[in-house]
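**Q** Okay, here's the prediction I keep looking at, along with the sequence it came from:
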Amino acid sequence: MTFHKIFVGLDDSELGHKVFAQALDLAVANKAEMMLFHAVVINQFGERGTAIPVDLAMNFELAEQAYQAQTVRIEKQLEQGRSLLSHYYSAAANQNIKAEYDCQTVEDAGHSICEFSQNWGADLIVLGRRGRTGLAEVMLGSVSNYVLHHTKGCVLVVQSH
């Protein structure tokens, strides 16, 4: 099977580096394009499970300060994500691989990967699996599991070990 457009879900972890290396090898072997993607997950609480305590919500000034702090953290995470993707983009360019990158705030990483990869026209998604099981997987979810069950294309899941 030949792949032409490889969508790569990345983060700044050892596993993320393995995911990129595997995707780059496939892109070189197939002379494929790459879309490098990093998601900064926010949720109904504003950012990564950080809720504004009820007592703060009753004090407008404190609530505003908490909101501003969350906004600064999200912007910092976006900046770090773009820097990471820029590094990977350069590594792909050094191998003569056409690449793009995108860093987005999303509410659900799995859903976003499925949607963005389909809109981009990917025929392969490469992402990592941390190996969560049991209660941890139920509570924290599994992006790779979601993508495996909800995307229409091929998926390569790189294991953490």
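**A** Cool, got the structure.
**Q** now the helix or strand in which residue 72 is found, how far from the centre of its chain.
**A** Using DSSP states H and E, residue 72 sits within helix 60-94. Chain-centre distance of helix 60-94: 13 Å, with CA atoms, centre = their mean, to the nearest Å.
**Q** which other helices and strands contact it?
**A** With contacts defined as 3 or more CB pairs under 8 Å, 6 or more residues apart in numbering; DSSP states H and E, the packing partners of helix 60-94 are helix 14-30, strand 33-41, helix 54-57, strand 99-106. All C-beta atoms are positioned from the backbone trio N, CA, C, and that covers glycine.
**Q** Show me which residues of stretch 107-116 are buried.
**A** Residues of stretch 107-116 classed as buried: 108-110, 112-114, 116 (neighbour count, 16 or more other CB atoms under 10 Å).
**Q** Mind checking the pLDDT average for that stretch?
**A** Stretch 107-116 shows a mean pLDDT of 95.
**Q** what residues does it touch?
**A** Outside stretch 107-116, the residues within contact range by CB atoms under 8 Å, 6 or more residues apart in numbering are 7, 9, 35, 37, 39, 41-44, 102, 104, 106, 125, 127, 141-147, 150-151.
**Q** SS state for the residue nearest to residue 13 when sequence neighbours are not counted?
**A** Take residue 13 and drop its neighbours on the chain: the residue closest to it by CB to CB, 6 or more residues apart in numbering is residue 128, 7.7 Å away. Following DSSP: H, G, I helix; E, B strand; the rest coil, residue 128 is assigned to strand.
**Q** Alright, calling it a day.
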